[in-house]
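In: return a 3D structure for these sequence lines:
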Amino acid sequence: MKHDMARARLSLITAMFIWGTIGVLRRFLPVPSGFLAMTRGLLGAAFLLLLMRLRGKKLSREAIRANGWQLVVSGAMIGFNWILLFEAYRFTTVAIAELCYNMMPVFILIAAHFLLHERLTLRKLLCLAAALLGIALVSELTTSSLPGGTDWRGVLLGLAAAVLYAGVVLLNKRIRGIDAYDRTVLQIGSAGAVLIPYVLLTEDLGTIEFTPIVVVLLLVAGLIHTGIAYALYFGSMDALPAQSLALLSYLDPVLAILFSTLLLREPMTAMQALGAALILCAAIVAELPEKSPNVPSYASIDSANAEETFTVQEETR
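Out: Residues are numbered from 1 along each chain as shown. The predicted structure is shown next:
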């Protein structure tokens, strides 16, 4: 049992490590964001389907038919979510883009209040205030962190990606009776497929130079950052408790910030570091279950829904 948990923990940490490097990978991939997102979705879904076939598993046609439109719509949202995040990396540092992206739990709190009529408790309001203050600190709207770019554009793109991310989580609550692995395969595949016409109509693919390094990095984005990372993530879910999944999932933004600073040498001031701490703390606290059983929470965790809760929160990575 301990051996299984240790292996599962290693698998999850490896997945977080892989996802934490996607901003660095984007920096070295001179392709349009739509093309990158499309390629990532198609290659990732193909890899996961092949893995299912090798394991003797099949997609549930009944479940797919029952949730068809939700899977396609949420898949499209994931695809455009990736595009917004990849574009955010262009206009600001990877760290700031990732921190804006991790505002998703805060947007969920707001949406749950207006759409699901969940009460905004004092703790939730404090999380919202801390996260907003954190965004103000990390963005430093009057400065520019990258030559030729302005932070506010990257901040807005990152926040827009977080809004779509939150939309996927809320929409996934309407999807029922389908295995989490099957759902992810369908959503990632839908993300790639939906982006095909978008890419053909809006992006000039003739400008892409398919050098060996570009081809290798595209394969890495699709097979490693999507296919293998998701396989590792799902492989760890059965052996680890929900709280461990929740805690270790925040290695993703933390590692992204470290790689931004250490590998890309992107600047981070003391005020931005303080803002980063506020955002991450607010996101973590916002996902903790409420003490009172009478107060509903989108992130409430029990043994029956733990897998679904954390699956929908990681499907847009």
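In: list the contacts of residue 217.
Out: Neighbouring residues of residue 217 by C-beta atoms under 8 Å, 6 or more residues apart in numbering: 25, 28-29. From N, CA and C alone the C-beta is placed, and that goes for glycine too.
In: ok, and it, which helix or strand is that part of?
Out: helix 212-219 (DSSP states H and E).
In: and what of residue 177?
Out: Secondary structure from DSSP H and E places residue 177 outside every helix and strand.
In: how far away is the closest residue to it other than its chain neighbours from residue 56?
Out: Of all residues not flanking residue 177 in the chain, residue 63 sits nearest, at 5.2 Å (C-beta to C-beta, 6 or more residues apart in numbering). Going from residue 63 to residue 56 by C-beta to C-beta, to the nearest Å gives 18 Å.
In: neighbour count for these two, which is higher?
Out: residue 63 (18 against 6; other C-beta atoms under 10 Å).
In: where does residue 29 sit: helix, strand or coil?
Out: Secondary structure assignment for residue 29 (DSSP: H, G, I helix; E, B strand; the rest coil): coil.
In: who's in contact with it?
Out: With C-beta under 8 Å, 6+ apart, residue 29 has these contacts: 36, 214, 217-218, 221.
In: circling back to that earlier point, tell me if I'm right that the residue nearest to residue 177 and residue 180 touch.
Out: No - using C-beta atoms under 8 Å, residue 63 makes no contact with residue 180, being 11.1 Å away.
In: re the thing from before, buried among the contacts of residue 29? Make that a PyMOL selection.
Out: Entered in PyMOL, the line below selects the buried ones among those, by 16 or more other C-beta atoms under 10 Å:
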select buried, resi 36+217+218+221
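In: which one of the contacts of residue 29 sits closest to residue 197?
Out: Nearest to residue 197, judged by C-beta to C-beta, of the contacts of residue 29 is residue 36 at 16.2 Å.
In: ok, residue 115 touching residue 170?
Out: Yes - between residue 115 and residue 170 a contact is recorded at 7.2 Å, counting by C-beta under 8 Å.
In: who has more neighbours, those two?
Out: residue 170 (17 against 9).
In: now the more buried one. Nearest residue, chain neighbours left out?
Out: Distances taken as C-beta to C-beta, 6+ apart place residue 111 nearest to residue 170, at 6.1 Å, with adjacent residues excluded.
In: which helix or strand contains that neighbour?
Out: helix 104-115.
In: who does that helix touch, helix- and strand-wise?
Out: helix 122-139, helix 151-172, helix 270-286 (3 or more C-beta pairs under 8 Å, 6 or more residues apart in numbering; DSSP states H and E).
In: what comes up buried for that helix?
Out: Neighbour count says helix 104-115 has 104-109, 111-112 buried, by 16+ other C-beta under 10 Å.
In: okay, now the unreliable bits of the stretch 101-250 of the chain?
Out: The stretch 101-250 of the chain contains residues with pLDDT under 70 at 139-151, 242-243.
In: about what we covered before: ok, now how distant is the residue nearest to residue 170 from residue 131?
Out: On the measure of C-beta to C-beta, residue 111 and residue 131 end up 14 Å apart.
In: and if you look at residue 63?
Out: From residue 63 across to residue 131, the span is 35 Å (C-beta to C-beta).
In: swap in residue 117?
Out: With distances taken as C-beta to C-beta, residue 117 is found 22 Å from residue 131.
In: report the distance from stretch 273-290 to the chain centre.
Out: 16 Å (C-alpha atoms, centre = their mean, to the nearest Å).
In: contact partners of that stretch?
Out: By C-beta under 8 Å, 6+ apart, stretch 273-290 touches 95, 99, 102-106, 108-109, 121, 123-124, 127-128, 130-131, 133-139, 246-247, 250, 253-254, 257, 268, 296-297, 299-301.
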